[in-house]
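Q: Here is my input; please provide its structure:
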Amino acid sequence: MPSKSSITNLLYLSIPIFFANLALPLVAIVDTGLMGNQDNASYLTATSIASSLFSMIFLSFGFLRMGTVGMVAQAYGSNQYNEIIDLVFRNITFVIVISLLLICFQHFIFNLGLQIFDLSNDTEKYFNDYFYIRIYSSFGELSIYVITGLFIGLQKTKTSSLMVGFFSITNIIFSLFFVLYLKLNVTGVALGTLVSSTLTSFIFLIYTFFELKKLTIINFDIKKIFNIKKIKNIFNINFNIFIRSVLLTFSFLFFTYLGNTISEDIVAANTILINLIFLSAFVLDAYAFSTEGIVGYSIGSKNITLLRNVIKNSFILSVFTSLLISLLYFSSKNYFISLMTDLPNIEIISLSYSYWVVIIPLISSFCYQFDGIFVGASQTKELRNAMIISVCIYIISAVYLIGNFGNLGLWISFSIFFIARALTLFAYVGRIYKKIE
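A: The predicted structure is shown next:
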């Protein structure tokens, strides 16, 4: 049972997530490197914009992971094992419905993407090639969210990490094969994600079935699974996370869009730096993920001491790790950039703004931990409200600063966004303690 919240125990739970999360941004870095070392910058720009669009689409349904963690952890803390089974069946049903809707409306989504971004003819062609393959990875990628949330909620972080690691490594292998061996360029990168996500989801759905059988007898009771009261509760929790996730992914897409208004070279250069920031974010999220499960368990078991300790220790670990990441980037950022592109103009722009990859890991570490705390407590209304306020601050600052400072203003406003997320969630943290005091 997850009855400890010491720094040692948090590290034990976080280490497998750390390595799995490290693999996720490596996929983006490998894809960027594959496209950034082609002879045409349009490959990199198209991949950057298309992957940003899909990040917004898929991460908008982040409630499939985040909502699952909090509810599973609290059900686990109160020994309601049958409820865990029903939650998984409900969320997999949601995945099927959402995936079918995305595929049915793919042409609308594609045209909307073209309306948002002003692309050259070459970039638009490659954007098309990527989009109409990646859209079919919907079921695989979204079902991975549900399975990840389940095992984090059960404090089985090794299992969730194994799945994410398997997805990431197979993604890299398939992308390398399709791009370097079959010479498929942008198409190869999209195919790599499609094949790896589909393979991963089917393997681990089968594994999940056998793991759930160890908890209790699995009964597919349609009346219980689709209980209106339970669905309404899930909808209320998930809708708030959905709004929060849409706004969060919008903020990253907005970052790409604003870069595109400056130039396509700026988009490509910023993408290289964003990949390094995502790398640090996924590392720091390991502590947030571990915190989610323990916070949910502490609320389910009414353990205020456990709750206070896990919150304190997660921040200590996160800040310390973010400082190490910043030091690593300070000494090695030029090397990382040179690995991802050999296009002279893109490399020069990336280097001129590379100091942001040193600054942002530290200032963003606080909001990641607050996210984990509120997800574990299922305090989704607060997550939603905090994100609404933060995005408004981000948009206002971005419009003003870009008009006066260009790409520098874009990076300043991006940093302000992270700070606003932490401060707004800090204002709500007292409500979590009131749940069990």
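Q: what stretches of the stretch 301-437 of the chain score poorly on pLDDT?
A: Scanning the stretch 301-437 of the chain for pLDDT under 70 picks out the ranges 437.
Q: The stretch 151-300 of the chain now?
A: Within the stretch 151-300 of the chain, the stretches falling below the threshold (pLDDT under 70) are 220-221, 223-227.
Q: Could I get the full set of helices for it?
A: Listed in chain order, the helices found in the stretch 151-300 of the chain under DSSP state H, counting those that start in this stretch are 157-176, 185-215, 222-225, 228-262, 264-300.
Q: for the stretch 1-150 of the chain, same thing?
A: 7-36, 41-59, 63-77, 81-104, 106-116, 121-134, 138-153.
Q: Next up, the contacts around Val391.
A: Under the criterion of Cβ atoms under 8 Å, 6 or more residues apart in numbering, the contact partners of Val391 comprise 247-248, 250-251, 417. Heads up, the C-betas are built off the backbone N, CA and C, glycines and all.
Q: who wins for most neighbours among the residues you listed?
A: Note: the member of the contacts of Val391 with the most neighbours is Phe417, at 25 neighbours, neighbours being other Cβ atoms under 10 Å.
Q: re earlier: nearest to Asn385 among the helices of the stretch 1-150 of the chain would be which one?
A: helix 63-77 (15.7 Å; Cβ to Cβ).
Q: which secondary structure elements does the closest one contact?
A: Using 3 or more Cβ pairs under 8 Å, 6 or more residues apart in numbering; DSSP states H and E as the contact criterion, the neighbours of helix 63-77 among helices and strands are helix 81-104, helix 138-153, helix 228-262, helix 264-300, helix 356-376.
Q: What angle do helix 138-153 and that helix make with each other?
A: With axes from the mean of the first three to the mean of the last three Cα atoms, to 10 degrees as the criterion, the two stretches helix 63-77 and helix 138-153 enclose an angle of 30 degrees.
Q: which residue packs closest to the most centrally placed residue in the chain, ignoring adjacent ones?
A: If you average the C-alpha coordinates of the chain and look for the closest C-alpha using Cα atoms, centre = their mean, you land on Leu59, 6.2 Å from that point. On the basis of Cβ to Cβ, 6 or more residues apart in numbering, the spatially nearest residue to Leu59 that is not a chain neighbour turns out to be Thr249, at 4.3 Å.
Q: Wait, the one you found touches Leu53, no?
A: No: applying Cβ atoms under 8 Å, one finds Thr249 not in contact with Leu53, separated by 9.4 Å.
Q: Could you list which residues are in contact with the residue nearest to Leu59?
A: Contact criterion Cβ under 8 Å, 6+ apart gives 55-57, 59-60 as the residues in contact with Thr249.
Q: and with 7 Å instead?
A: 55-56, 59-60 (Cβ atoms under 7 Å, 6 or more residues apart in numbering).
Q: in the stretch 301-437 of the chain, which spans are helices?
A: Ranges of helices within the stretch 301-437 of the chain are 304-340, 344-352, 356-376, 380-405, 407-426, 430-434, based on DSSP H, counting those that start in this stretch.
Q: and the gap between the nearest residue to Leu273 once chain neighbours are set aside and Asn79?
A: Across the structure, with Cβ to Cβ, 6+ apart as the measure, the residue nearest Leu273 apart from its sequence neighbours is Val357 (5.5 Å). Summarising the geometry, the distance separating Val357 from Asn79, computed by Cβ to Cβ, to the nearest Å, is 45 Å.
Q: now Asn309
A: As defined by Cβ to Cβ, Asn309 lies at a distance of 22 Å from Asn79.
Q: Quick check on those two: which one has the bigger neighbour count.
A: For Asn309 versus Asn79, the count of surrounding residues by other Cβ under 10 Å is larger for Asn309: 19 against 10.
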